[in-house]
Each structure stands twice: as structure tokens, then as C-alpha cells.
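Visitor: Fold the stuff below for me.
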Amino acid sequence: MKIGFIGLGRMGKNMVLHLLEKGVEVVAWNRSPEPREELKKEANTLARGRLARLTAAEDLDGLIGKLDAPRIIWLMVTAGPAVDELLAQLANKLNPGDLVIDGGNSFYKDTIRRANELKSHGIHFMDAGTSGGIEGARNGACIMVGGSQEDFKRVEPVLKVAAVPEGYAHLGPAGSGHFAKTVHNGIEYGMMEAIGEGAAILKYSPFNYDLREVFRIYNNGSIIESRLVGWSLAEFRSDPDLSNISSVIGSGGGAGKIKGEAHWTLKLAQKLGIDTPVIEASVKVRDNSDKDKENSPNSFRNKVVAAMRWQFGRHPVKKS
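Guide: So this is what the prediction gives:
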């Protein structure tokens, strides 16, 4: 198997390393050179013990030229204009029959539009909503796939390698994968907020709880045992008061009030006539987290959520 891969940020780089480790040949490109050099160093280390066939392209033409038609190119870039700009370039460079996969967090209507635009050039397009954080990218992710059945079968060998066992599925036509990932992130917001609220109640309760002990118990056989609880426990063990975590949670891909997929989930639910009080409340907390007083119970609640974001995605929530 051989694919092209564009976008070598936190998720992209680790996905490429995982693919290489599993025997997939990868031609990778990133607009800025530093991530390319970092990937080459890590791939060289990986290759000492096993086959790791990486080609780091210097530009987009170099990536395309090193792939045999019909090509498969996976995108892992920031949702929004960056995707449109890149696809516009690819549309003029790729051949009919080539396949592009958007593995980022794009809005599903944008995905449908892009699929139609590329179809006019004879280029195939799929969406692959990817979950699991950096750990999942490196060791096997959860992948929600949209596109034609024919294209899914074509790319399934790569998906099977990229995903954790039983961790991928073809969910429907173009846009369905990103739609499912959007709802996933809305659920994630609600779950993380509940954990943060519970941790704050424990911390400020009449009992002198050691949150490391409580969360250790929570994460061993309880109903709420989960990766999110485990990530909270990891942060409590390294910094019990979360003194080095910002209480401004952030959403989407950055800090502050950047609108993320949970906001999209709320709009979709509203159009469908579905009440979503839990997700709505969790989004409101994030949007207003910069207004909570430092060292207050609410700021600690926010820090717990931010700490989870650091654990699974290395989002910028550290104070130093």
C-alpha cells in the first residue's frame, strides 16, 4: 500500500508514523518545512528496527509525482479555508480517478460541496472523521467514513491499518463521516463537562478528598470508567491542583472562543427539532470560561476539562 499524506501536525504526524509502522508506504508533505524534518527524524528512528518507507516531498507537485495513478491522498489539515485552498490546487494537478480523503474536522455541508466540485474534475472524494486524539493517531484511531461504497472498498486496506481493531466503518455518502464526527464531538463536550463538574464538587466538598484516589477508583470497574476519566487521573497525579492549567478551556482547535464542532452539533439539533440541554450547557461553559474568577470552584471545573484536552490532543492549555 502507498498513499500520499498532507498535513503533519499533531494528528497527522502520528498517523503517518503509525501507517509506516504497519508497512504502508507514505509520501508526506507539509506546507512548512519544520514538521517534515521532524517526521523524517522520527521515521528514521522507527526504521532501525523495521521497514519504514517514508518519502518527504518538498512541495505539492513532488508529492503527486511520487504517487502512481490512481492516487490516494489523505488530508489532515485545519478545517475551513485551508481545505478549500488545498483542494483547489489538487483539482488542477490530479488525474481523473484519483481519490482525496479529508481526515480533518470539516463541516459536513462543506464536505458535500467539495465532493461535488471535485467530481466535476473526475476526482473522487471521501470524508474520514477521525477520533482518538494523539494516542489514537499513533496507535490506531477511530475513523468514521463517508463516500461511495466503491471508494470505501478501494481505501479499506489503509483504513484497516490506520484504525484500532473494529474502529472504522463506512457510514454513508460523502458528508456522513464528518456529520457523525460532529455529533461525536458534541457528546464529548457533555461528557467532559460532567467530569469537570464532578471533580470540582469533590474538591470543594466537606471531605478532604484526594482526587487521585477518587479518580483511580472511578477508573477501575465503575460505570464511568473511561479514557476521559483516565486522562483526568493522569493530570491529577502530575499536578493535583492543576496549577499549571489555564481555566480558559477553548473549543475547536485553539484557545478562547473559536467555534468548534459542538457548536455545529447544536445548530444541527435545532434544525432537527431536538433539544440538547447537556451539550448546549457545556458549550456555554466553554464560551464563557474566560469570565470565571481564577482560583474559584468554577475555574477548577474548567481546568479539569482543559486538562483532558491537553491529554488527548495537546491543545494549548498549559500556562507555561
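Visitor: how far away is Pro70 from Leu118?
Guide: 13 Å (C-beta to C-beta, to the nearest Å). C-beta: built from backbone N, CA, C; applies to glycine.
Visitor: same question but for Ala79, I mixed them up
Guide: On the measure of C-beta to C-beta, Ala79 and Leu118 end up 17 Å apart.
Visitor: Please enumerate the helices of this protein.
Guide: Secondary structure of the chain (DSSP state H): helices at 10-21, 33-47, 60-65, 81-91, 108-119, 133-139, 149-162, 176-203, 211-218, 227-238, 261-272, 277-287, 297-313.
Visitor: and the fifth one with helix 81-91, angle?
Guide: It stands for helix 108-119. 10 degrees (axes from the mean of the first three to the mean of the last three C-alpha atoms, to 10 degrees).
Visitor: by contact count, what packs against helix 108-119?
Guide: helix 81-91, strand 99-102, strand 124-131, helix 176-203 (3 or more C-beta pairs under 8 Å, 6 or more residues apart in numbering; DSSP states H and E).
Visitor: picking that back up, who has more neighbours out of Pro70 and Leu118?
Guide: Each of Pro70 and Leu118 has its neighbours counted (other C-beta atoms under 10 Å); Leu118 has more, 21 against 14.
Visitor: what's the closest non-adjacent residue to that one?
Guide: Phe125 (4.6 Å; C-beta to C-beta, 6 or more residues apart in numbering).
Visitor: can you list the weak-confidence ranges in the stretch 151-300 of the chain?
Guide: For the stretch 151-300 of the chain, applying pLDDT under 70 flags the ranges 251-259.
Visitor: swap the cut-off to 90 and go again
Guide: Applying pLDDT under 90 to the stretch 151-300 of the chain flags the ranges 249-262, 290, 292-295.
Visitor: I'd assumed Ala115 was in contact with the residue nearest to Leu118.
Guide: Yes - shown here, Phe125 and Ala115 form a contact pair, counting by C-beta atoms under 8 Å, at 4.2 Å.
Visitor: which neighbours do the two share?
Guide: When contacts are counted by C-beta atoms under 8 Å, 6 or more residues apart in numbering, Phe125 and Ala115 are jointly contacted by Gly147, Ala174.
Visitor: So those two - more neighbours on which side?
Guide: Taking neighbours as other C-beta under 10 Å, Phe125 and Ala115 compare with Phe125 leading, 25 against 22.
Visitor: picking up where we left off before, make a markdown table from the helices and strands packed on helix 108-119 and add distance to Glu156 to it.
Guide: Below are the helices and strands packed on helix 108-119 laid out as a markdown table (distance: least, C-beta to C-beta, whole Å):
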| stretch | distance to Glu156 |
| --- | --- |
| helix 81-91 | 22 |
| strand 99-102 | 12 |
| strand 124-131 | 11 |
| helix 176-203 | 14 |
